[in-house]
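In: Take a look and give me a structure for this.
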Amino acid sequence: MSKLSHALHRLSAPASRLAPVALVVALALLVLAPGVESAAASPKHPLPPKPNPRGTLVQLTGAVGCVAAGAKQGGGCARARALAGPGPFMGSHAIAISPDGRNVYVAASKSNAITVFSRDPRTGALRQPRGTAGCVAARAEHGCGLAVGLIGPNSVAVSPDGRNVYATARGGDSVLSFQRNRKTGALRQLPPASSGCISGLPVPSCAPGRALSGPDVVAVSPDGGNVYVGSFFGSAVASFARDPAGGALTQLEGSAGCIALATGGCGTAIALGAVEGLEVSPDGSAVYAAAAASGAVAVLARDPASGALTQSSCIVDAALQGCATGVELGGANAVAASPDGGVYVTSLLSNSVTTFTETEPARLFQKEGPAGCLVFLRSAGCSFGRAIEAPEGLAVSPDGRNVYVAAFETGAIDVLARNGKTGAVQLKPGKGGCVAPKSVPGCGLGRALAGASSVAVSPDGRNVYSTAFASNAVDVFRRIR
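Out: Below is the predicted model of the structure:
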């Protein structure tokens, strides 16, 4: 009789005849008998890998999980002033966090306001300060401070030194400059003499600016020396020098002041139709522009001394002379860069996230195959993206482990795992791959997410915040690290 048969025979005997030691030995023989393996542990039947929760999102519970405008705000959110229409459809960079992590700023287009929140560094919860410290607006409403030219704001950015906040306002064709109180987070518009408002229209108290037709996005260079504004209707990028002392902006002179498809007095470029997204590379050597009408990413080389831009390269969805041809770039509308140089683009019409790498200064190359594109549902040669329908917002975590995508149509925030060596991204499996309203299958449940449009990660990597245009809300998530 074999050891295994003998053990089974002993185990089938009455319990009273089995001494405790014999029982232990019999069980050991079952486990250690040669040639016998558990089906679950067999190499032919490997156990599925356990889901890695790193990077997944959990919305804070109760009222601290979201802040919203209106007396009957949905989702049980805390109430906020001057927060109607945060992150409009033309505005994929409508939320920004100060470098010290103390404040969150939101462009609220229907309120004609920039809403200010204090951030709890431990929990990530947001609280709006009272009175004028809690918002600035075009009109004397909601107890906000006044800001000239703030009509239909759609993008906001904070300078690296935390001294200033800049915003674009599509209705006023303007870019606005604010001084930030680094203790309270409160904003005060710079005076007219310091060009607190620069507009492409003849707006009283605003300085004149060029190539500011439908400004859609604003970005500050890592060295704090320049501010760049992407114009949707002007198909241009306007370039400004920034005074490090007070934050005032001055548009660069001559053709250095703007680069465009076809605007008199500006430098010329191709594949720059309807600029919706801007990102300055981490080393400050280039500006990446996502151009919706061109279905393209235009790469603009930056002179670190002056801040002037000249076109270096471009990647387009359809063949265009002078550009490389990429895939799934229809309606490119947001761009973000990782700390180690990876570049990511969302495209509205392609329902996609595309991945690029910089192998030469100011030149991008799209990765090949599934590593180069992730698409809602399915697309030949691309990886799978769940709930990424009409993607608008985009953010990379400070540690480079994750990319987060805000999808306007589904109201979802998708969680992508990022390979630190290759830069490729992949949707996290299961419900950890997205948070969304209950109407979206396969995602974790989120509240007040209708019209999710912009997303940002806190500098400490603890929290993710998103704007929800149709919910008039800002949502607050804890990021599993």
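
In: residue boundaries of the helices in the stretch 301-450 of the chain?
Out: Here the stretch 301-450 of the chain has no helices by DSSP state H, counting those that start in this stretch.

In: Provide a complete list of residue ranges assigned to strands in it.
Out: Counting by DSSP state E, counting those that start in this stretch, the stretch 301-450 of the chain has strands at residues 309-316, 324-325, 332-337, 343-347, 352-360, 363-366, 373-376, 383-385, 391-396, 402-407, 412-418, 425-427, 434-436, 444-445.

In: can you tell which of those strands is closest to Leu60?
Out: strand 434-436 (11.8 Å; Cβ to Cβ). C-beta here means a position set from N, CA and C on the backbone, and glycine is covered the same way.

In: Show me the contact partners of that closest one.
Out: 57, 59, 386-387, 410-415, 427, 440, 442-446, 449, 477 (Cβ atoms under 8 Å, 6 or more residues apart in numbering).

In: hang on, the earlier thing: could the strands of the stretch 301-450 of the chain go into TSV alongside mean neighbour count, mean pLDDT and distance to Ala94?
Out: As requested, those are exported to TSV (neighbours: other Cβ atoms under 10 Å; pLDDT from 0 to 100; distance: least, Cβ to Cβ, whole Å):
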stretch	mean neighbour count	mean pLDDT	distance to Ala94
strand 309-316	21	96	24
strand 324-325	14	96	30
strand 332-337	28	96	11
strand 343-347	28	98	14
strand 352-360	21	91	19
strand 363-366	20	92	25
strand 373-376	26	96	22
strand 383-385	21	92	22
strand 391-396	27	96	8
strand 402-407	29	98	10
strand 412-418	26	97	14
strand 425-427	22	95	23
strand 434-436	26	97	19
strand 444-445	16	95	23
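
In: Serialize these to TSV and add fields for distance to Thr467.
Out: As requested, those are exported to TSV (distance: least, Cβ to Cβ, whole Å):
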stretch	distance to Thr467
strand 309-316	28
strand 324-325	33
strand 332-337	13
strand 343-347	15
strand 352-360	18
strand 363-366	27
strand 373-376	20
strand 383-385	20
strand 391-396	7
strand 402-407	8
strand 412-418	11
strand 425-427	22
strand 434-436	14
strand 444-445	19
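
In: quick one, which of these is nearest to Gly267?
Out: Short answer: strand 309-316, nearest of the strands of the stretch 301-450 of the chain by Cβ to Cβ, at 6.5 Å.

In: Remind me what the closest one packs against, helices and strands.
Out: The contact analysis (3 or more Cβ pairs under 8 Å, 6 or more residues apart in numbering; DSSP states H and E) places strand 309-316 against strand 258-260, strand 267-268, strand 296-302, strand 324-325, strand 363-366.

In: export that strand as CSV, just CAs?
Out: Coordinates of each C-alpha in strand 309-316 appear next as CSV, following Å, rounded to 0.1, in the frame of the first residue of the first chain:
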residue,chain,number,x,y,z
LEU,A,309,8.5,79.1,-29.1
THR,A,310,9.4,77.6,-32.5
GLN,A,311,7.9,74.5,-33.9
SER,A,312,10.0,71.4,-33.7
SER,A,313,7.7,68.5,-34.7
CYS,A,314,4.2,67.3,-34.8
ILE,A,315,2.2,64.1,-34.9
VAL,A,316,-1.2,64.0,-36.6
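
In: Now do that strand: distance to the chain's middle.
Out: Here strand 309-316 shows a centroid-to-chain-centroid distance of 23 Å under the convention Cα atoms, centre = their mean, to the nearest Å.

In: now swap in stretch 186-204 and tell me
Out: Offset of stretch 186-204 from its chain centre (Cα atoms, centre = their mean): 27 Å.

In: Which positions in that stretch come out as buried?
Out: Buried residues in stretch 186-204, counting neighbours by 16 or more other Cβ atoms under 10 Å, are found at 186-190, 194-200, 203.

In: ok, so of the residues you listed, who is nearest Ala96?
Out: When those are compared against Ala96 (criterion: Cβ to Cβ), the nearest one is Leu187, at 11.8 Å.

In: can you tell me which residues contact that closest one?
Out: Leu187 neighbours (Cβ under 8 Å, 6+ apart): 105, 114, 116, 136, 145, 147, 165, 178-181.

In: Show me the shaky parts of the stretch 1-150 of the chain.
Out: 1-51, 71-74 (pLDDT under 70).

In: again, only using 90
Out: Residues of the stretch 1-150 of the chain meeting the criterion pLDDT under 90: 1-52, 70-75, 89-92, 140-141.

In: Show me the strands in it, by range?
Out: 57-59, 66-68, 78-79, 95-97, 103-108, 113-119, 126-127, 135-137, 145-146.

In: Please identify which of those strands is closest to Leu364.
Out: Going by Cβ to Cβ, the one of the strands of the stretch 1-150 of the chain nearest Leu364 is strand 95-97, 24.1 Å.

In: Many thanks, I have nothing further to ask.
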